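Asker: sharing a model prediction with you, sequence too.
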Amino acid sequence: MYEELMDILQELHPEVDYETTDNLIDGKIFDSFDIVTIISEVNARLDITISAEYITPANFNSSKALLALLEKLDED
């Protein structure tokens, strides 16, 4: 799951160091189109649906937060 997520993120913004960046939303690195793309790609590649209640800045501000969300949703 980690590698698939990193592939998705790298395709969006290859210039970002996702291991250390924790302000993807706050720093305006991701815009609304990026979020829609991430949600769509996660659904297509990982078969995980991110519902509206989880689309919050906190869940998308870092790759670690996003991975934690995906792991949680995958367990449910």
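Answerer: That came through fine. Residues are numbered from 1 along each chain as shown.
Asker: just the helices in this protein please.
Answerer: Applying DSSP state H to the chain gives helices spanning 2-12, 32-46, 57-60, 63-75.
Asker: which stretch among these comes nearest Glu19?
Answerer: helix 63-75 (7.2 Å; C-beta to C-beta). For the C-beta atoms, the positions are set from N, CA and C on the backbone; glycine is no exception.
Asker: for Asp74, which non-adjacent residue is closest in space?
Answerer: Ile48 (5.6 Å; C-beta to C-beta, 6 or more residues apart in numbering).
Asker: wait, that neighbour touches Leu70, no?
Answerer: Yes. The pair Ile48 and Leu70 passes the contact test of C-beta atoms under 8 Å, sitting 5.6 Å apart.
Asker: and for the two, which residues touch both?
Answerer: Common contact partners of Ile48 and Leu70 (C-beta atoms under 8 Å, 6 or more residues apart in numbering): Val42.
Asker: backbone dihedrals for Asp47, please?
Answerer: phi 60, psi 40 (degrees, to the nearest 10).
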